[in-house]
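Asks: Structural data only, the sequence is not supplied:
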């Protein structure tokens with residue numbers, strides 16, 4: 001359940017308000033990137049939280065780990081580096097941890113939808129798939145989203161890597177955070193993060209000579225859904241930007 005304004009233990013000085021961001025932001029809870037719905041400090045402290053981090057469940061179960069009970073923690077347990085079992089990225093902040101098995105999940109990874117669907121595109125989340133990932137060409141590795149038609153498959157880890165590669169400025173510049181900035185600034189941010197996604201889809205489309213434009217537009221849509229889900233908001237409206245750039249190739 002979402003509330004329009006809440007108090008949060010990690011930011012006791014001010015309340016935080018639910019809003020929508022067209023710019024990427026860095027969550028101050030899990031330390032991962034986000035877009036779309038977020039909770040932001042009402043006093044403009046440049047403090048942001050994913051919805052999943054702002055209103056976490058104390059304990060969760062996951063269909064991929066039927067014997068595990070994941071507990072919400074504000075920091076990784078122990079003194080050794082830990083990584084998310086869904087996306088393989090380091091855990092640096094809020095985390096769901098199973099003390100019995102030692103598995104860890106980022107809050108957004110723990111809440112990844114099992115099915116993403118919109119119109120013609122339907123993607124299912126799997127722990128492992130036999131279809132090669134369109135980005136890395138490998139079959140194993142991390143959790144993956146695979147289309148019902150079995151034409152498109154993307155590792156959650158690969159999507160994370162694409163975002164990190166494309167958003168290098170996100171982690172080092174406060175100018176890209178929050179709602180500060182103009183529409184042109186928003187477009188610049190989109191342009192910095194989409195080219196690697198564009199290249200991935202175009203490279204995939206060139207594998208078969210009979211591929212038509214509609215085919216890789218569909219692949220672009222599939223990618224948009226996975227990107228939005230990984231960033232904590234499956235409903236984030238970035239599909240049109242991705243498809244428009246892909247279509248120029």
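Replies: Ah, there it is. From a predicted model like this one, the values you see are computed outputs, not experimental measurements.
Asks: where does the protein dip in pLDDT?
Replies: For the chain, the stretches flagged by pLDDT under 70 are 1, 118-120, 164-221, 235-249.
Asks: What segments of it are helices?
Replies: Under the criterion DSSP state H, the chain contains helices at 51-54, 107-110, 156-166, 183-193, 195-205, 213-230, 239-246.
Asks: any idea how far the nearest residue to residue 234 once chain neighbours are set aside lies from residue 140?
Replies: Closest residue to residue 234 in three dimensions, ignoring its sequence neighbours and counting by C-beta to C-beta, 6 or more residues apart in numbering: residue 228, at 5.1 Å. Bear in mind the C-beta positions are built from the backbone N, C-alpha and C, glycine included. As judged by C-beta to C-beta, to the nearest Å, residue 228 and residue 140 stand 24 Å apart.
Asks: Which of the two has more residues huddled nearby?
Replies: residue 228 (21 against 11; other C-beta atoms under 10 Å).
Asks: measure stretch 36-48 end to end?
Replies: Terminal residues of stretch 36-48 are spaced 12 Å apart (C-alpha to C-alpha, to the nearest Å).
Asks: Which single strand of the chain contains the most residues?
Replies: strand 16-26 (DSSP state E).
Asks: and that strand, what other elements does it pack with?
Replies: For strand 16-26, the packing partners by 3 or more C-beta pairs under 8 Å, 6 or more residues apart in numbering; DSSP states H and E come out as strand 5-6, strand 33-41, strand 48-49, helix 183-193.
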